[in-house]
Each structure stands twice: as structure tokens, then as C-alpha cells.
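Chemist: I'd like to go over a predicted model; first the sequence, then the structure.
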Amino acid sequence: MDFDFDLLRELTEASGVPGYEDRVRDVVRRELTAAVDDVRSDAMGNVVGTLRGERDYEVVVAAHMDEVGFMIRHVDDDGFLRVDALGGWDPAVPKAQRVRVHAADGDLTGVVGAAPPHALDEGDEGEKPTVEKLYVDVGLPADEVEARVSVGDLITLDQTTVEMGDLVTGKALDDRVCLLAMLEAARRVEDPEATIHFAATVQEEVGLRGASALGADLDPDLAVALDVTVANDVPHFEDDERVTRLGDGAAIKLKDSSVITNPKVNRRLRAVAADEGVPYQLEVLPRGGTDTAGFQKAHGAKPVGAISIPTRYLHTPVESAHRDDVAAAIDLLTALLASETGHHDYTL
């Protein structure tokens, strides 16, 4: 691997739904402390590690810590847990998956219930699943469940991160693989001219909330967000639906449904990639938003850009990215930050 796979595995296998990113935050804080001049967090839980530069020019790099998951909304009389979604889910995805229930006295293993096909009545097979109909079974008597589990406890998918051919696959690559890219760049950049804030944000999956707050608090001169993007380079998708392809390099975002990135920042990213020989592709994402939008107008108009890592099977337990694309994103981000002098004019 051209990056720290053990750190990626630690980040992805940690649990951290929106608003409760504690376990991921601990890892990020540890890694940033070893790489930057100072580390701080705020009342929402965003973590910012700052590398002081020579000039009075500030750049924010942001990747979000939270993953999609669930919050318990009800414990029924039989000890089954009913849930509310934290982030965007296809309700068919978590059915029959193993999960972790994060109770006050420790984690419990659970499964999302699913009826066997031969037990369904005629016509039930085509019934559209909804989050409201999902339930979690923790395999304990109802009285013990009631004693150990409470409304408001959190649930995440239980999955390991492994190598699969040229890919890495597991849960929460969205957006922990980009956290890895940010942390790797923080390790590699030395004596920058610009001051760089490496920001690990919260609550992206429920509306870019952490980034919007940081945009106001930090008021940067330039912001670059890191996130995964759709790679529908699999059967049943036409070429124009694929957005990106695994193995073709880091993606430079032109737009998503939340932002149109700054054209001058895009051109600079492309120029840096060409100069450094970093493979890249262009991203036009029809649906979905990213922290890029959170920084664009939080404290007045700001130039923003984004580097994305193409990923298959988003918001599932088997999110998959190509090792070369991860390495390309790290190389592109590192080269951009190392060459940012503060003299580039991004005004349109």
C-alpha cells in the first residue's frame, strides 16, 4: 500500500454516527497531535489541527468523521429495537446485517431482522422496506434488553475492512478514507508558506453541519473538502451514469447538488496534478452534497474546491475504493498544500 492501511482500518472500523463521533475523534486527535503545531476541538466536536505557515494566508482542508447509522427510538415489549435513521439509507441495505448497539455499559452485538423468503405470504416479497419497519435483535430476554438498552442509544454496522484485489472494502470509507488522506497529507507537508487547518468535521451526513460552523469560525482564504464520490462503474449502469471509475485516479469535483466549485481552484488542481503526474478524473455528481458547500458561504464568499475518492456501493457495509485512487488523492492534496503560496488569485 502507498498509504497507511492499518490506520485506514482503525478509522473505518471505529464507530461514529452523526453527533457521536467520539471514537473516531480520538484517533484523529492522536494522529494530528503528532503532525501539526496545535490541535483543538469545538462544542460540536469538530477537530482542527493547525500547521503554521510563513504567510498570513489560511487554507482549510476538511473531511468528515461521521458515518450513516441509527438511533434507537423504541424498545418493544419483546426486546426488539426500533430505529430512526442517522443519514441516508436504502432500507433494503441493513436488513440481515450484523450491527453493534452502543449501550451505556458497553457494545452489544445485534442483527437487523429479516424474514426468510419461504415464510412470507404471497405478495409480501415485493413490499418496499422502510426504516420504520426495521428492527434489531440482540438475542437477549426482554427484561435484560430493557435494563441495558435505552432510547437514544446508537447503532452502527459491524464490519471489518480488508483488501480485495486492488481494492479496499469495508464500512464507513465514506468518509474515513478521506480522513486518512488528510492525515497522510498532514504528515507529509513540511514548512508550508500558508497556514493549513486540517479539519475533521462532524454531522456531514445530516446536512453539512460541522463544516458550516467551521466556515464561520475559521474564516479561511481557501477551502478544499475531501469526500468520496459515486463510482457506478458496475453492471446495470450506462456510461453516462457512472460519474467516476475506480482506478482512473482522484476526482476533481466540478459540481454536486450542494455546490459548484470555483473554476480557478479546479484549474489549479488540474495543473498541480499534471505537473506532479497524478492521475485524475473530473466529477460531475448529479445528487448528493459535501462539506465543500459548508465552507463556500459560511463567512462571506470563499473560493472552494474538492478532491474526491471514487467509491462503489456507498452507504453500505461493503464500500469499496481502489488503492491507486486513494494514493492519488493523497499525492494531489499534498502537492496542492505544499505549493499554496497565498499568491494565487481565485477571484472570478
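Modeler: Received it, and whenever you're ready, just let me know what you need. Predicted model, so just to flag it, every value in this text is computed and none were measured.
Chemist: for Ser150, what are its contacts?
Modeler: Residues in contact with Ser150, defined by Cβ atoms under 8 Å, 6 or more residues apart in numbering, are 72, 75, 103-104. C-beta coordinates here come from the backbone N, C-alpha and C atoms, glycine included.
Chemist: Three-state assignment for it, please.
Modeler: coil (DSSP: H, G, I helix; E, B strand; the rest coil).
Chemist: one step back: just the buried residues of the contacts of Ser150.
Modeler: Those of those that meet the buried threshold are 72, 75, 103, by 16 or more other Cβ atoms under 10 Å.
Chemist: What about the residues you listed, which are in helices?
Modeler: The helices, defined by DSSP state H, take in nothing from the buried ones among the contacts of Ser150.
Chemist: List the buried residues of stretch 109-116.
Modeler: For stretch 109-116, the neighbour count (16+ other Cβ under 10 Å) marks 110-112 as buried.
Chemist: could you give me the average pLDDT of it?
Modeler: The average of the pLDDT scores along stretch 109-116 is 86.
Chemist: How far does it sit from its chain's centre?
Modeler: Remark: stretch 109-116 is offset 26 Å from the chain centroid, using Cα atoms, centre = their mean, to the nearest Å.
Chemist: what do you get for stretch 292-309?
Modeler: In terms of Cα atoms, centre = their mean, the centre of stretch 292-309 is set 16 Å apart from its chain centre.
Chemist: One more: stretch 331-339?
Modeler: Relative to the centre of its chain, stretch 331-339 is centred 20 Å away, using Cα atoms, centre = their mean.
Chemist: For it, buried residues please.
Modeler: By neighbour count, and taking 16+ other Cβ under 10 Å as the criterion, the buried residues in stretch 331-339 are 331-339.
Chemist: Run through who's touching it.
Modeler: The contact list for stretch 331-339, computed with Cβ under 8 Å, 6+ apart, reads 59, 61, 181-182, 184-185, 188-190, 192, 194, 196, 224, 226, 250, 268-269, 272-273, 275-276, 278, 280, 307.
Chemist: please redo it, this time with the cut-off set to 6 Å
Modeler: For stretch 331-339, the external contacting residues (Cβ atoms under 6 Å, 6 or more residues apart in numbering) are 181, 185, 188-189, 196, 250, 272-273, 276, 278, 307.
Chemist: Format the residues you listed as JSON lines; extra columns: pLDDT and secondary structure.
Modeler: Formatted as JSON lines, those follow (pLDDT from 0 to 100; DSSP: H, G, I helix; E, B strand; the rest coil):
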{"residue": "Ala181", "pLDDT": "98", "secondary structure": "helix"}
{"residue": "Ala185", "pLDDT": "98", "secondary structure": "helix"}
{"residue": "Arg188", "pLDDT": "97", "secondary structure": "helix"}
{"residue": "Val189", "pLDDT": "97", "secondary structure": "coil"}
{"residue": "Ile196", "pLDDT": "98", "secondary structure": "strand"}
{"residue": "Ala250", "pLDDT": "98", "secondary structure": "strand"}
{"residue": "Val272", "pLDDT": "98", "secondary structure": "helix"}
{"residue": "Ala273", "pLDDT": "98", "secondary structure": "helix"}
{"residue": "Glu276", "pLDDT": "97", "secondary structure": "helix"}
{"residue": "Val278", "pLDDT": "98", "secondary structure": "coil"}
{"residue": "Ile307", "pLDDT": "98", "secondary structure": "strand"}
